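In: just the structure for this:
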Amino acid sequence: MQTREVLGTAACLAVLLTACGPRTHFPLLPETLPSALAPGDTSGRLARDLAPILYLQRDESFPLERTVAVIHPTRRVIAYYLTYRHDIAARWSPFAQGADEEEFWVGYDATFAPTDLWTYWHGDILHVNWRGKGELGVNVQWGKHGSLPRGMPARDLPRDKSLEIFYAMSYAFPDLVLGRFSSRGPLCFCRSFARYLEFTRPIVLGARLTAIGRTADPDSLLSAVFGAHYAHKPYWPWEPRRYSHEWNEVSGERALLGRP
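Out: Residues are numbered from 1 along each chain as shown. Below you'll find the predicted structure:
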């Protein structure tokens, strides 16, 4: 087969694959959600009060879609699960999962003051001691929507998942080009690294919660809100089978999560 024919065949296959690629569809919300708090439950106010402020990168293209807060029934931890309307992580592929939820968790003490913040960062879980740090904040990575504790030094990120690496990849992601066949989106970041670090678009998450529940196993609630084919990342930061490392704010060494 000649080179021109090979290229033509490859192009046709790419178009077919991307045309069949997933366009994230969120289900209609039922009147009653599994594990949802009853109206007037005071725990709902706590989930809203402890919801971090989200700081999106200023050029973010994909809006926040649905958000769920889940209060653990036996530990002082609240989980926050978020989905964006789209992202650049293999959304063009027909084999991709449904909604790619992002996650972070807030630990609090007996006075309901925040003590810890954990965030999901591309398979790793980042941890910051938040005692005395004031208002909770999470920086949201451009395009891929990884979550970073606000104020965490970039040098504490895993070396193979640094912001510099993701910035360089933003100019070479095949997802950005192929994704245009199935959804609107950018072709590259196309700006400076300094701008890539400008997390300056605040969102008050506490005012944007789609649902609030109380359960140790939020799968039914997340399926009802995000759809059955959401990414199923770890529900809680102490689930060792679902992530590879936990990095400490100061030393970058693994920490134990024995306390809430």
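
In: hang on, H127 is in a helix, isn't it?
Out: No: assessed by DSSP: H, G, I helix; E, B strand; the rest coil, H127 does not belong to a helix; its assignment is strand.

In: can you pull out the helices in the stretch 151-260 of the chain?
Out: Here the stretch 151-260 of the chain has its helices, by DSSP state H, counting those that start in this stretch, at 163-169, 174-178, 193-196, 219-226.

In: would TSV of those with distance to S35 and mean neighbour count be doable?
Out: (Glycine included, C-beta is placed from N, CA and C.) Converted to TSV, the helices of the stretch 151-260 of the chain look like this (distance: least, C-beta to C-beta, whole Å; neighbours: other C-beta atoms under 10 Å):
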stretch	distance to S35	mean neighbour count
helix 163-169	34	15
helix 174-178	34	17
helix 193-196	38	14
helix 219-226	5	21
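
In: out of those helices, which comes closest to P39?
Out: helix 219-226 (16.1 Å; C-beta to C-beta).

In: what distance do you get for the residue nearest the centre of the chain to H229?
Out: Centroid-nearest residue in the chain: E102, 1.8 Å away (criterion: C-alpha atoms, centre = their mean). Separation of E102 from H229 (C-beta to C-beta, to the nearest Å) stands at 16 Å.

In: strands of the protein, residue ranges please.
Out: For the chain, strands defined by DSSP state E occupy the ranges 53-57, 64-71, 77-84, 102-108, 114-121, 124-129, 137-140, 147-149, 199-204, 211-214, 246-248.

In: out of those strands, nearest to S43?
Out: Short answer: strand 64-71, nearest of these by C-beta to C-beta, at 5.3 Å.

In: partner strands of that closest one and their direction?
Out: Counting by DSSP bridges, the strands paired with strand 64-71 are strand 77-84 (antiparallel), strand 211-214 (parallel).

In: that one vs strand 53-57, what angle?
Out: 150 degrees (axes from the mean of the first three to the mean of the last three C-alpha atoms, to 10 degrees).

In: below-threshold pLDDT in the stretch 151-260 of the chain: ranges please.
Out: Scanning the stretch 151-260 of the chain with the threshold set as pLDDT under 70 gives 172-185, 187, 240-260.

In: same thing but 50
Out: 241-260 (pLDDT under 50).

In: now Y55: how far from I203?
Out: Distance from Y55 to I203, by C-beta to C-beta: 8 Å.

In: same check on V128?
Out: 19 Å.

In: same thing with P27?
Out: Going from P27 to I203 by C-beta to C-beta gives 23 Å.

In: in terms of neighbours, single out the busier of the two.
Out: I203 (19 against 14; other C-beta atoms under 10 Å).

In: what bridges to that one?
Out: Bridge pairing for I203 - DSSP bridges - gives L54.

In: ok, it - contacts?
Out: By C-beta atoms under 8 Å, 6 or more residues apart in numbering, the residues touching I203 are 53-56, 64.
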